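Asks: sharing a model that was predicted from the sequence below.
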Amino acid sequence: MTRLVAEPGEAGERLDLFVARRLPELSRAQAQRLIKAGDILVDERRVKPRFAVAAGNTVSVTIPPPQPVAMTPQALALDIRYEDSDLIVVNKPAGMVVHPGAGRRDGTLVNALLAHCHDLSGIGGELRPGIVHRLDKDTSGLMVAAKNDFAHAALAAQLKARTAGGVPPAGRRYLALVWGRPRQDHFVVRTLFGRHPTRRVMMAVLDAERAGKPGVREAVTEVRVREPLGPMTLVEARLQTGRTHQIRVHMTHTGHPVVGDPTYGGKRQKAELAGPQAAHRLDAQARRLVAALPGQALHAYYLAFDHPRTGERMEFTAEAPAGMEALLAHLRRRSE
């Protein structure tokens, strides 16, 4: 059990936020689940996640032992880039779901990891053992998973922490092929971010008037132009926060949605492929390569973190998937 005493400067803060800030190994959602289960108490009494702490309150946090994983391990192919007794780094293909959810119980990265590792941390809960961070189903690239709770807590803290410059110690960089050409070669997108007001399966950039409301947080993405390629541009995106669909939403917000993204860039892509100017901008082979992409042209090519046990700096890179590379090669030939 961990006991936290609220300081005067923390008075009025929501309990779930207070716990998540004081214990970086817990996300806000995890803190909420523990509060509702009675595993987090304030002065030895049960309260709700929205309870406002007062100076001097003693908050008791008990993290229960991991639940047994009730999923079937599956011997699926894994592109393993590194592995030791604490963690495993894999290059996830586009099309693979990271963990089971509503209507999906197998064929996921977690199923594959359970078959390969046999030991994964339980902090993520029964359906997400070992998962420290996620990638969208149709986004490819590097991920790290934890084999024990010690490694999970340390890696999660790195993802959550910020340096003096605002950059998390755990670095994640993405290659994205986007429609059009950004006006600036280097810029930072900083917005409020949360669920779409009417389409709840989508995320959205939100107006300032929604600041402070539940589920609304700041999202920050640094973008650098790598290579102009005619009607498209290859950019590098660096996450300073890790919100769901962040890069995809932010690039659409700038007017340059990710190629192959039907959720946030479908209208732009339809216009580029079938609009009145399409034949002048893209040749038939380029249109076929875009249509053949297994997901959006977004790839987590770089991952860095400090090893949770040794402190050694670990850095990994992974080449873009074949479909994205084929499209890039064709666009480069056309741009010569």
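Replies: Yep, it's here. Numbering: from 1, shown residues only.

Asks: okay, and the closest residue to E83 other than its chain neighbours sits in which element?
Replies: Using CB to CB, 6 or more residues apart in numbering and skipping residues adjacent in sequence, the residue nearest E83 is V89, 7.2 Å away. Where C-beta positions appear, they are placed from N, C-alpha and C, glycine not excepted. Per DSSP states H and E: V89 is located in strand 87-92.

Asks: hmm, who's touching that strand?
Replies: 78-83, 98, 109, 113, 116-117, 135, 140-147, 151, 155, 303, 307-308, 314, 316, 318 (CB atoms under 8 Å, 6 or more residues apart in numbering).

Asks: which of those are buried? Put it as a PyMOL command.
Replies: Buried residues among those (16 or more other CB atoms under 10 Å), as a PyMOL selection:
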select buried, resi 78+81+98+109+113+116+117+135+140+141+142+143+144+145+146+147+151+155+303+307+308+314+316+318
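
Asks: out of the contacts of strand 87-92, which are inside strands?
Replies: Taking DSSP state E, the ones among the contacts of strand 87-92 that sit in strands are 80-83, 140-146, 303, 314, 316.

Asks: just after the longest strand seen in the chain, pick out the following helix or strand.
Replies: Ordering each strand of the chain by length in residues (DSSP E) puts strand 217-229 first. Helices and strands here follow DSSP H and E; after strand 217-229, the next one along the chain is strand 232-239.

Asks: so which elements touch that following strand?
Replies: strand 171-179, strand 217-229, helix 246-253 (3 or more CB pairs under 8 Å, 6 or more residues apart in numbering; DSSP states H and E).

Asks: helices and strands around the shortest one, which ones?
Replies: In terms of contacts (3+ CB pairs under 8 Å, 6+ apart), helix 246-253 is packed against strand 171-179, strand 186-195, strand 203-206, strand 217-229, strand 232-239, helix 262-274.

Asks: report the beta-bridge partner residues of the residue nearest to E83.
Replies: For V89, the beta-bridge assignment (DSSP bridges) gives partners Y82, V144.

Asks: which elements pack onto the longest strand of the chain?
Replies: Judged by 3+ CB pairs under 8 Å, 6+ apart, strand 217-229 is in contact with strand 186-195, strand 232-239, helix 246-253, helix 322-335.

Asks: how about low-confidence regions in the stretch 201-336 of the chain?
Replies: Within the stretch 201-336 of the chain, the segments meeting pLDDT under 70 span 278-280.

Asks: and the helices and strands packed on strand 217-229 as CSV, adding mean neighbour count and distance to P262?
Replies: Shown next, in CSV, are these (neighbours: other CB atoms under 10 Å; distance: least, CB to CB, whole Å):
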stretch, mean neighbour count, distance to P262
strand 186-195, 17, 19
strand 232-239, 22, 16
helix 246-253, 24, 10
helix 322-335, 16, 15
